[in-house]
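Student: please find the sequence and the predicted model below.
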Amino acid sequence: MKLIHENPYRIAGILSNATERELQRQQSKIKKFAKIGREADSELDFNFLNPVSRSEENVNKAFSNIEQNGDKVSNSLFWFIKSNPFDETALNYLINGDKEKALEIWEKVTNGKEITAKNFSCFNNIGTLKLLGSNQSEIADGISLKFKLLDSDSFADFVHSVADQTYSIDNKKQAEKLVDTLLSQLNGKYTLASTAKLFSGCNSETKKYISKKFTEKPIHNLEARIESAKSRRKQDKFKAYDFGLKLFVDSKEDLASIKSMLGASDLKFKMIADNLAKEIMQCGIDYFQAWKDSKDPSNEGLKLLKYADSIAIGSQTKDRIRENIEGMEEWAQSAPIKEDLEYITNKLSNFQNQSDTISNAKSLVSGCKYKLQSIRGVLGSDDELYLGISSAVVGNALGMLIEVVNEAQSGLEYNRSKLLLLPGVVSDAVEVINMLDALDMNYETRRRFNDNKSTIKGMNTQLETVRRQMRSASSSSYSSSSSSSSSSGGCYIATMAYGDYDHPQVLELRKFRDEFLDKFYLGKQFIKFYYKYSPKLVEKLENKQSINNAIRRSLDQFVKLIKKKK
């Protein structure tokens, strides 16, 4: 314990019952050493303890802390005194580093013995030594010995051996002070339950004080959490489930500690448990009320109500909780559109994690279409809830379409092969736009939808015109046998693989087409076949990097071959 390792009497280098003359002599000695830049040693440093520091600040503080009688008594309970031959022998063993032998001597005169004017110092000393123990059992023994001394008639002998005869002894206050000191020394080393066990050897009055000390902090924690949850719930009822769940989880340990210390029948425990249950219940109710018009919140609400029921003690609190459970369960069973709402809500939730593709947008719309029709049949086409969820489906699908179309257009100036895929993307987007157009929407969503519908359909019309022109040009090009017409087309697959229409390898392949293949009949047939089917193949392989890499490697080898033939 720190209070033993850094005890003022240890820093002073004296026993607790040293005379005033010995104390003054030791103080003078330490100061003389300090003047020449050295720290004085003491045989009471005890090498089994941490090294002692006798800096000027520590020394001044140590002597200051043993000036008053009350401080002398408190610090003596955590140090050693010498009042009989047993103490003298045992302390000599300690000075020589033999802690076990010293313990053996003091145990002989304390085990099963009553405390008397002749052996009170032995009880104090063995208690101090056991407080330095490495396990909980030894520390518990040390605490028990200290309180046994304090409760005895000979405690007055102990007090007057270290303080003036005029010092007034208040056993109750001294016991409370000892508890406070021990708890501060043990803080953070053990759990609350383990710490409580260390004081099991104390009298009932001391245990009651310890119970009060142990419950002050958890009660304060619970009261603070309840107030925090209440404040946050009032500010945002839509998040009341999260607040209630956190309150329940965070409060378990503190509530269990209070129950273990006070007992389930204690009035203070019942009050704090009911207050906790009421707040958790109210979080469940407020969450349910906030969300019931837009989704089914009964599962979350019922979970909190059942948590509250498991905590509540008072009959009135329990009755109110169970009434709300019954009402919420009845609503959940009778909600006519519950399953449809859950289905669409889950669809929208999963949709957020999906990649941006036309097929995913189409799947959302087709999956929700009939569920929306069912909800509309129950609520009506003008119902705010229905329009809200239908608009959510439209908004999410439309947002993904816009992302896909924008991506298909981006970087066309750097990657001309993307131009081959754009018409197909826009055409597919128009198909989903037509599906969305049949759904109901609120005013804002309809306005946004119409703006984007006009844009995408306009793009599709322009691209259709271009495609017709390209098909016409391609047909006329390969119905003719002239090499000039065949050279007007692009190498779709090669452009896709190299990512650039004017890449040196692509230019080499076009040169091979125009100067070699187009010179004989079978070559012309191959070119015609290639330009008929390669655009569709490019659409399928555009984003498959591994395949494109393989095509590029093959084309590289082919280009090397045709260069050698020249």
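Tutor: Good, I have the coordinates.
Student: any idea which helix or strand in this protein has the lowest mean pLDDT?
Tutor: Per-element confidence for the chain was summarised using mean pLDDT, DSSP states H and E. The lowest value among helices and strands belongs to helix 483-486, with a mean of 38.
Student: host element of residue 81?
Tutor: For residue 81, there is no enclosing helix or strand under DSSP states H and E.
Student: domains in this protein, by residue range?
Tutor: Under the assignment automatic domain parsing, the domains of the chain span 2-201, 212-333, 339-465, 480-565.
Student: buried residues in the host helix or strand of residue 287, which are they?
Tutor: Using DSSP H and E, residue 287 sits within helix 267-291. Judged by neighbour count using 16 or more other CB atoms under 10 Å, the buried positions of helix 267-291 are 269-270, 272-288, 290-291. The C-beta positions use only the backbone N, C-alpha and C, and glycine is treated the same way.
Student: next one: stretch 310-330
Tutor: Using 16+ other CB under 10 Å as the test for burial, stretch 310-330 gives 311-312, 317-318, 320-321, 324-325, 328.
Student: which ones among these are found in helices?
Tutor: Among the buried residues of stretch 310-330, the residues falling in helices (DSSP state H) are 311, 317-318, 320-321, 324-325, 328.
Student: that older thread, can I get the buried residues of stretch 310-330 in TSV including distance to residue 458 and pLDDT?
Tutor: Written out in TSV, the entries for the buried residues of stretch 310-330 read as follows (distance: CB to CB, whole Å; pLDDT from 0 to 100):
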residue	distance to residue 458	pLDDT
311	63	95
312	64	95
317	65	95
318	66	94
320	62	95
321	60	96
324	56	95
325	57	95
328	51	90
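Student: so which residue is smack in the middle of the chain?
Tutor: Of all residues in the chain, the one closest to the mean position by CA atoms, centre = their mean is residue 246, 11.7 Å from it.
Student: that one is in contact with residue 226, isn't it?
Tutor: No - under the criterion of CB atoms under 8 Å, residue 246 makes no contact with residue 226, lying 11.7 Å away.
Student: so which residues of the stretch 1-150 of the chain form helices?
Tutor: Under the criterion DSSP state H, counting those that start in this stretch, helices of the stretch 1-150 of the chain are mapped to 2-5, 8-12, 20-35, 56-64, 69-76, 85-95, 99-108, 120-131, 136-151.
Student: in terms of secondary structure, what does the fifth one contact?
Tutor: Packing contacts for helix 69-76, counted by 3 or more CB pairs under 8 Å, 6 or more residues apart in numbering; DSSP states H and E, involve helix 8-12, helix 155-162, helix 171-186.
Student: thinking again about what came up before, ok, now which ones touch the residue nearest to the centre of the chain?
Tutor: Residues near residue 246 by CB atoms under 8 Å, 6 or more residues apart in numbering: residue 229.
Student: may I see the buried residues of the strand or helix carrying it?
Tutor: In this structure, residue 246 is located in helix 240-262 according to DSSP H and E. Judged by neighbour count (16+ other CB under 10 Å), helix 240-262 contains these buried residues: 240-245, 247-248, 251, 254-255, 257-262.
Student: with stretch 15-33 instead?
Tutor: In stretch 15-33, residues buried by neighbour count (16+ other CB under 10 Å) are 15-18, 23, 26-27, 30.
Student: and the helix holding residue 246, how far out from the chain middle?
Tutor: Using CA atoms, centre = their mean, to the nearest Å, the distance from the centre of helix 240-262 to the centre of the chain it belongs to is 17 Å.
Student: cool, stretch 112-121 as well?
Tutor: Taking CA atoms, centre = their mean, the mean C-alpha location of stretch 112-121 is offset from the chain mean by 55 Å.
Student: for that stretch, measure first residue to last.
Tutor: With CA to CA, to the nearest Å as the measure, the first residue of stretch 112-121 is 16 Å from its last.
Student: and the contacts of that stretch?
Tutor: Surrounding stretch 112-121, the residues in contact under the criterion CB under 8 Å, 6+ apart are 17, 81-84, 86-87, 109-110, 123, 148-149, 152-155, 157-158, 161.
Student: what mean pLDDT does the helix holding residue 246 have?
Tutor: Along helix 240-262, the predicted confidence averages to a pLDDT of 91.
Student: do stretch 69-89 as well
Tutor: Model confidence over stretch 69-89 averages 94 on the pLDDT scale.
Student: before we move on, what about stretch 337-348?
Tutor: The model assigns stretch 337-348 a mean pLDDT of 88.
Student: mind listing what's buried in that stretch?
Tutor: Of the residues in stretch 337-348, 337, 340-341, 343-344, 347-348 count as buried by neighbour count, 16+ other CB under 10 Å.
Student: same list (the residues you listed) but as CSV, adding secondary structure and distance to residue 354.
Tutor: Rendered in CSV, the data for the buried residues of stretch 337-348 read as follows (DSSP: H, G, I helix; E, B strand; the rest coil; distance: CB to CB, whole Å):
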residue, secondary structure, distance to residue 354
337, coil, 25
340, helix, 21
341, helix, 20
343, helix, 16
344, helix, 15
347, helix, 10
348, helix, 11
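Student: and which of these is nearest residue 54?
Tutor: For those, the residue nearest residue 54 by CB to CB is residue 348; the value is 72.5 Å.
Student: surely the closest one and residue 391 touch.
Tutor: No - applying CB under 8 Å, one finds residue 348 not in contact with residue 391, separated by 11.3 Å.
Student: redo the helices of the stretch 1-150 of the chain as CSV? Include distance to residue 398.
Tutor: As requested, the helices of the stretch 1-150 of the chain are exported to CSV (distance: least, CB to CB, whole Å):
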stretch, distance to residue 398
helix 2-5, 68
helix 8-12, 78
helix 20-35, 83
helix 56-64, 74
helix 69-76, 76
helix 85-95, 84
helix 99-108, 81
helix 120-131, 73
helix 136-151, 66
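Student: and the helices in the stretch 351-500 of the chain?
Tutor: Listed in chain order (using DSSP H, counting those that start in this stretch), the helices of the stretch 351-500 of the chain are 358-379, 384-409, 418-437, 443-479, 483-486, 492-498.
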